[in-house]
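Trainee: Just need the structure, nothing else, for what follows:
(one chain, ligands or ions: 2)
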Amino acid sequence: MLIVMNAGAGEGHVAGVTAAVAELGFEARAIPGAGRVAIGVVGNRGYVDDTAIMRLPGVDEVIHVTKPYKLVSRDFHPEDTVVEIGGLKIGAGQPPVVIGGPCSIESEEQMVAVAREVRRRGGHMLRGGAFKPRTGPHNFQGLGAEGLRILYAAGRAVGLPVVTEVMRIGQLELVARYADMLQIGARNMQNFDLLKEVGKLDRPVLLKRGMCASIDEFLAAAEYILVAGNSRVVLCERGIRTFETATRNTMDLAVVPLVQSLCHLPIIVDPSHATGNCRLVTPMAAAAVVVGAHGVMVEVHPEPARALSDGAQSLDFPAFENFMEHIDHYCRVRR
Ligand code: PEP
Ligand code: MN
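Mentor: Ligands and ions are numbered 1, 2, ... in the order given. Next up, the predicted model:
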């Protein structure tokens with residue numbers, strides 16, 4: 001439920017509504033707006049009888065929110081959220097960011113080479129998986145803690161912030177020691193306990209869309225993190241499962257403007273996992289920028305043919321250089 005105060009309502013009126021909401025057993029969160037204040041009600045499971053609220057002085061209207069999310073919605077928070085990671089800003093009004101790096105951190109040599117390349121070509125952030133959610137148990141599972149140290153050092157050496165995946169609560173403390181941003185992977189988008197825990201941290205989160213998640217489910221997952229207290233969330237479209245098998249997943253670009261109309265959080269696109277094919281990565285990244293994505297995340301590897309994971313979708317260095325030229329061009333087209 002969203003309670004919209006009238007333009008003349010003062011602090012006393014807001015306090016009165018807050019107290020009334022508390023009396024109903026829910027929590028009120030004031031959302032100051034340009035002209036008037038709105039008060040979001042959280043904690044209710046279903047419809048709340050608004051008779052008592054409507055009678056309070058200063059209340060203009062009550063909007064019943066039927067969606068499974070509130071704090072992430074524009075109803076509750078009309079202004080765009082810009083997420084800051086170190087000095088880097090992701091979100092509306094900012095140039096699209098490029099996050100590049102290998103699928104898996106494989107060695108110091110590999111990671112340092114990629115970090116230098118991403119930096120040299122103008123990338124803004126470094127990625128790399130240390131804990132890998134692989135489809136089969138016989139596949140490379142990641143270097144774990146050693147990988148985190150390698151990623152952190154490579155990022156600091158070139159002056160780029162780093163993002164890496166955390167797969168379970170037990171890893172959170174360790175990963176948070178090294179990561180500027182915590183990635184929740186597609187397979188964990190609905191690991192609600194993990195979402196609640198990252199929500200307690202003061203650290204930006206990159207939340208990837210589950211491969212079978214609807215947009216409502218995607219936003220409800222983000223809601224878990226905001227409800228727990230962390231609103232520094234960036235969403236990431238990474239392709240969904242459809243009947244099509246010619247690409248690894250189907251890249252759902254409509255999600256970008258649609259989510260932007262529903263939700264105030266930034267949204268980026270990962271064309272590497274969405275297509276599974278290095279030849280499709282650059283054109284689809286360009287498309288993502290054109291439709292208004294706040295950034296793109298791509299996999300980059302010095303020798304994709306030898307990569308321990310996702311080689312088929314990884315850009316080698318010449319392809320990454322070409323990618324950056326295209327992205328630059330489309331950023332200019334968008335402006
Ligand atoms: C990744 O980005 O490394 C990854 C595993 O992606 P996803 O969770 O989208 O499959
Ligand atoms: Mn990958």
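Trainee: I'd like to know which helix or strand in this structure has the lowest mean pLDDT.
Mentor: strand 27-32 (a mean of 88; mean pLDDT, DSSP states H and E).
Trainee: what angle separates the helix or strand just after it from strand 27-32?
Mentor: Note on strand 27-32: by DSSP states H and E, the next helix or strand toward the C-terminus is strand 37-42. Strand 37-42 and strand 27-32 meet at an angle of 150 degrees, taking axes from the mean of the first three to the mean of the last three Cα atoms, to 10 degrees as the criterion.
Trainee: Please give the element, helix or strand, for Asp328.
Mentor: With DSSP H and E as criterion, Asp328 is part of helix 317-334.
Trainee: any idea how far Val98 is from Ala246?
Mentor: Remark: distance between Val98 and Ala246 (Cβ to Cβ, to the nearest Å) = 26 Å. Using the backbone N, CA and C atoms, a C-beta is placed for each residue, glycine as well.
Trainee: Look at the two and report which has more neighbours.
Mentor: Using other Cβ atoms under 10 Å, the more surrounded residue of Val98 and Ala246 is Val98, with 25 against 9.
Trainee: show me the contacts for the closest residue in space to that one that isn't next to it in sequence.
Mentor: Spatial nearest neighbour of Val98, excluding adjacent residues (Cβ to Cβ, 6 or more residues apart in numbering): Gly123 at 4.6 Å. Contacts for Gly123 (Cβ atoms under 8 Å, 6 or more residues apart in numbering) come out as Val98, Ile99, Gly100, Leu160, Met324.
Trainee: and Gly123, which of the three is it?
Mentor: coil (DSSP: H, G, I helix; E, B strand; the rest coil).
Trainee: for the one 3 residues further on, same thing?
Mentor: With three-state DSSP as the basis, the three-state label of Leu126 is strand.
Trainee: Give me the neighbour count for it.
Mentor: 28.
Trainee: and if you look at Gly25?
Mentor: Using other Cβ under 10 Å, Gly25 has 9 other residues around it.
Trainee: Which residues are in contact with it?
Mentor: Per Cβ under 8 Å, 6+ apart, neighbours of Gly25: Gly43.
Trainee: One more: the one 4 residues further on?
Mentor: Residues in contact with Arg29 (Cβ under 8 Å, 6+ apart) are Ile39, Gly40, Val41, Val42, Leu71, Phe76.
Trainee: How about Glu197?
Mentor: Ile169, Leu172, Ala228.
Trainee: Those residues, buried ones only, as a PyMOL selection?
Mentor: The PyMOL selection below is limited to those of those classed as buried (16 or more other Cβ atoms under 10 Å):
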select buried, resi 172
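Trainee: Just put the contacts of Glu197 in a markdown table and tack on secondary structure.
Mentor: Below are the contacts of Glu197 laid out as a markdown table (three-state DSSP):
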| residue | secondary structure |
| --- | --- |
| Ile169 | helix |
| Leu172 | helix |
| Ala228 | coil |
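Trainee: Out of the contacts of Glu197, which one has the weakest pLDDT?
Mentor: Of all the contacts of Glu197, Ala228 carries the smallest pLDDT score, 93.
Trainee: Tell me, what's the model's pLDDT at the closest residue to that one other than its chain neighbours?
Mentor: Leaving aside its sequence neighbours, Ala228 sits nearest to Gly199 (Cβ to Cβ, 6+ apart; 2.4 Å). With respect to pLDDT, Gly199 scores 97.
Trainee: can you count the residues close to Gly199?
Mentor: Under the criterion other Cβ under 10 Å, the count of neighbours that Gly199 has is 19.
Trainee: any idea how far ligand 1 is from Ile283?
Mentor: For the record, residue 283 is Pro, not Ile. Pro283 is 19 Å from ligand 1, where distance means Cβ to the nearest ligand atom, to the nearest Å.
Trainee: residues contacting that residue?
Mentor: Taking Cβ under 8 Å, 6+ apart, we find Pro283 in contact with His326.
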